[in-house]
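> Got a predicted structure here, sequence first:
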Amino acid sequence: MIAKQEESRLAARKAPLEEFLAAAAGAEAVEVADARPLSGGAIQENWLLDLIVHGGPSAGPLEAVLRTDAPSSVAVSRSRAEEFMLLRVAGRAGVSVPEPLWLCEDPGVLGKTFYVMRRVAGTAAPHRLMKESDLGGDRDALAGRLGMELARIHAIVPPCDDLAFLGEPAPDPARAAVARYRRHLDALGSSFLALEWGLRWCELHAPEPQGPVLVHQDFRTGNYMVDRQGLTGILDWEFCDWGDPMSDIGWFCAACWRYGHTELEAGGIAPRGPFYHGYERQSGRRIEPGSVAFWEIMAHIRWAVIALQQGERTLSGGEESLELALTGRVYPPAVEAEILRQTAPGSWQARR
Amino acid sequence: MSGGEPKGARLLALARQELLEAVLPALSGDARYRARLIANAMKIAVQELESAAAMTEATAVDLAAFAQSAEIPTAAGGDGSADPETALRDALRGGSLDASEDLHNLLAVLNRRRRDVLG
């Protein structure tokens, strides 16, 4: 029902959208032959567009994705205009991304900012990756390629004029994260003692910071596209920031993102070896296991905080989403169990 | 005999069973996924209706007892301090419970209780 309403909303804007696309593409005309909403994405709204471009440099059929804000967006997420620029910078750095085509900040077209990117083939669905062993090609090779892609993202370093909106990097991203998650928990208005336990452990055991580099902050299985041959694109750039490169390695390998394949520690698709190897070879940076272990604990805390915030959106946020409500209810206890397991009293040693 | 008027938890449990047995098999794709979400929410709600009160009570007792044994002042002491949970949070942040075996054990017990409700 929601999708139907949305569909008619986009249909009502078809003429101004086609007009914008024609001007942006330098074409005589652009026809939106088909527009279908893509499910998924708690924050963004994505549409598959089948375009026919008449004249100009992109003449011919064009399969694209239009991305804009969902009705309720999250403040911590980058704006669509910033995301468009991140895609552009990442693409220039050699990262496999859907090619960003046109950004529209004129509210007269769709009522909100959106951008259009070239569609990449394949799927990002974790349940399909877990079930279909031939999807993504050879899995060790896929993990190696993902390591290489991540190293290319981490080769983007400040200062970078195009990414000035990211602001100044935090001098110690780990301790900044501890303070940030404590603030988020306080804002939720309840006490989460297992998470507090984990945060205190993180405060005491933070490794020497590395970087700063561009960190993706949601680089995990579910956020990259694959077809039968291998990787086709890295998605979801909305949480990028300057940070510690090991935080992305920890997020990718964290147990909470292995989708039941716990023994395949690199995102549930492969052992760590090929992923680390691909990363180290491309970056020239050594991955220190202790540092990754730290960031995996932080990853679990971060995911628990995000899940609670999603649940909160259905409480004080007034959002009517069973999916978000279940996220807030189901994931935190499981994630907390993992945090408690990884931060048992015997592991409280290092002091800095 | 139980009075003949089934309570909410029983209604919800039966509704879930009907959803899974009579409705779900006829669904596919996104509708099937959504029906599974609904069934999961119903399962949690049933278990919470049956055990939440006892769980909340047990957790409050455990937290207050721990705070007392760790000599952390709480509202229970009547001196205007925070409730046990907030007092323990502050003590954790302040470092007075670093590497506490007893607290780690308690947190594991509380976590297990919450996960049991999820089934």
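All right, it came through fine.
> Run through chain B and note the low-pLDDT ranges.
Within chain B, the set of residues satisfying pLDDT under 70 comprises B:76-81.
> Okay, helices next: where are they in it?
Secondary structure of chain B (DSSP state H): helices located at B:8-18, B:29-69, B:84-94, B:101-118.
> how about CSV for those helices, with distance to chain A added?
All C-beta spots, glycine's among them, are computed from the backbone N, C-alpha and C. Formatted as CSV, the entries for the helices of chain B read as follows, by distance: least, C-beta to the nearest C-beta, whole Å:
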stretch, distance to chain A
helix B:8-18, 14
helix B:29-69, 5
helix B:84-94, 4
helix B:101-118, 4
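> most neighbours per residue, which of the ones you listed?
Mean neighbours per residue, mean count of other C-beta atoms under 10 Å in any protein chain shown, is largest over those for helix B:84-94, with a mean of 20.
> isn't A:R285 right up against A:G147?
No - counting by C-beta atoms under 8 Å, no contact exists between A:R285 and A:G147, whose distance comes to 11.0 Å.
> neighbour-wise, which of those two wins?
A:G147 (26 against 17; other C-beta atoms under 10 Å in any protein chain shown).
> Please tell me how far the more buried one sits from B:L20.
When C-beta to C-beta, to the nearest Å is applied, the distance between A:G147 and B:L20 equals 42 Å.
> One more: A:H277?
Between A:H277 and B:L20 the computed distance is 45 Å (C-beta to C-beta).
> I'd like to know how many residues surround the nearest residue to B:K43 once chain neighbours are set aside.
Nearest in space to B:K43, with sequence neighbours left out and distances taken as C-beta to C-beta, 6 or more residues apart in numbering or on different chains, is B:G119 at 5.4 Å. Other residues within reach of B:G119 by the criterion other C-beta under 10 Å amount to 9.
> Contacts only, for B:G119.
Contact criterion C-beta atoms under 8 Å, 6 or more residues apart in numbering or on different chains gives B:K43, B:I44, B:Q47 as the residues in contact with B:G119.
> For the closest residue to B:G8 other than its chain neighbours, list the residues it contacts.
In space, and not counting its chain neighbours, B:G8 is closest to B:L49: 6.2 Å by C-beta to C-beta, 6+ apart. B:L49 makes contacts with B:G8, B:A9, B:L12, as judged by C-beta under 8 Å, 6+ apart.
> Out of these, the closest to A:A176 would be?
For these, the closest approach to A:A176 (C-beta to C-beta) belongs to B:L12, at 43.9 Å.
> What separation do you get for the closest one and A:F252?
Separation of B:L12 from A:F252 (C-beta to C-beta) stands at 39 Å.
> and if you look at A:A11?
The span separating A:A11 from A:F252 equals 39 Å under the rule C-beta to C-beta.
> Ok, A:T68 next?
Taking C-beta to C-beta as the measure, A:T68 and A:F252 are separated by 27 Å.
> tell me how far the longest helix along chain A is from the chain's mean position?
Across chain A, the longest stretch assigned as helix under DSSP H is helix A:289-313. The chain centroid and the centroid of helix A:289-313 are separated by 14 Å, computed with C-alpha atoms, centre = their mean, to the nearest Å.
> Surely A:E45 is in a strand?
Yes - when DSSP: H, G, I helix; E, B strand; the rest coil is applied, A:E45 is found to be in a strand.
> From what I see, it and A:R67 are in contact.
Yes - the pair formed by A:E45 and A:R67 meets the contact definition of C-beta under 8 Å, at 7.3 Å.
> So between those two, which is more surrounded?
For the pair A:E45 and A:R67, the greater number of neighbours falls to A:R67 (24 against 18), based on other C-beta under 10 Å.
> mean confidence score for the strand or helix carrying that one?
A:R67 belongs to strand A:60-69 when elements are defined using DSSP states H and E. Strand A:60-69 carries an average pLDDT of 94.
> now that strand, how far from the chain's geometric center?
Between the centre of strand A:60-69 and the centre of its host chain there is 19 Å, according to C-alpha atoms, centre = their mean.
> mind checking how far A:L49 is from B:Q47?
Noted for A:L49: a distance of 44 Å to B:Q47, by C-beta to C-beta.
> Same question for A:H54.
Applying C-beta to C-beta to A:H54 and B:Q47 gives a distance of 59 Å.
> follow-up on the earlier one: any chance of TSV for the contacts of B:L49, columns distance to A:D186?
Written out in TSV, the entries for the contacts of B:L49 read as follows (distance: C-beta to C-beta, whole Å):
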residue	distance to A:D186
B:G8	34
B:A9	34
B:L12	34
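> how about the closest residue to A:E28 other than its chain neighbours, what does it touch?
Sequence neighbours aside, A:G55 is the residue nearest to A:E28 in space, at 3.5 Å (criterion: C-beta to C-beta, 6+ apart). A:G55 sits next to A:A27, A:E28, A:A29 when contact means C-beta under 8 Å, 6+ apart.
> quick one: the helices in the stretch 101-250 of chain A?
Secondary structure of the stretch 101-250 of chain A (DSSP state H, counting those that start in this stretch): helices at A:107-110, A:126-131, A:139-154, A:173-188, A:193-205, A:245-253.
> right, and these - which one's nearest B:T74?
By C-beta to C-beta (comparing all of the helices of the stretch 101-250 of chain A), the closest turns out to be helix A:193-205, at 13.4 Å.
> Take that closest one, keep the C-alpha atoms, and write them as PDB.
What follows is helix A:193-205 as a C-alpha-only set of coordinates in PDB (Å, rounded to 0.1, in the frame of the first residue of the first chain):
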ATOM      1  CA  LEU A 193      24.500  -2.100  31.500                       C
ATOM      2  CA  ALA A 194      26.000  -4.700  29.100                       C
ATOM      3  CA  LEU A 195      26.700  -2.000  26.600                       C
ATOM      4  CA  GLU A 196      28.100   0.200  29.300                       C
ATOM      5  CA  TRP A 197      30.400  -2.700  30.300                       C
ATOM      6  CA  GLY A 198      31.600  -3.000  26.700                       C
ATOM      7  CA  LEU A 199      32.100   0.800  26.400                       C
ATOM      8  CA  ARG A 200      34.200   0.900  29.500                       C
ATOM      9  CA  TRP A 201      36.300  -2.000  28.200                       C
ATOM     10  CA  CYS A 202      36.700  -0.100  24.900                       C
ATOM     11  CA  GLU A 203      37.700   3.100  26.800                       C
ATOM     12  CA  LEU A 204      40.500   1.200  28.600                       C
ATOM     13  CA  HIS A 205      41.700  -0.900  25.600                       C
END
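> Tell me which residues are up against it.
A:174-175, A:177-178, A:181-182, A:185, A:294, A:297-298, A:300-301, A:304-305, A:332, A:336, A:339-340, A:343, A:347-348, A:350-352, B:85, B:88-89, B:92-93, B:95, B:97-98, B:103-104, B:107, B:110-111.
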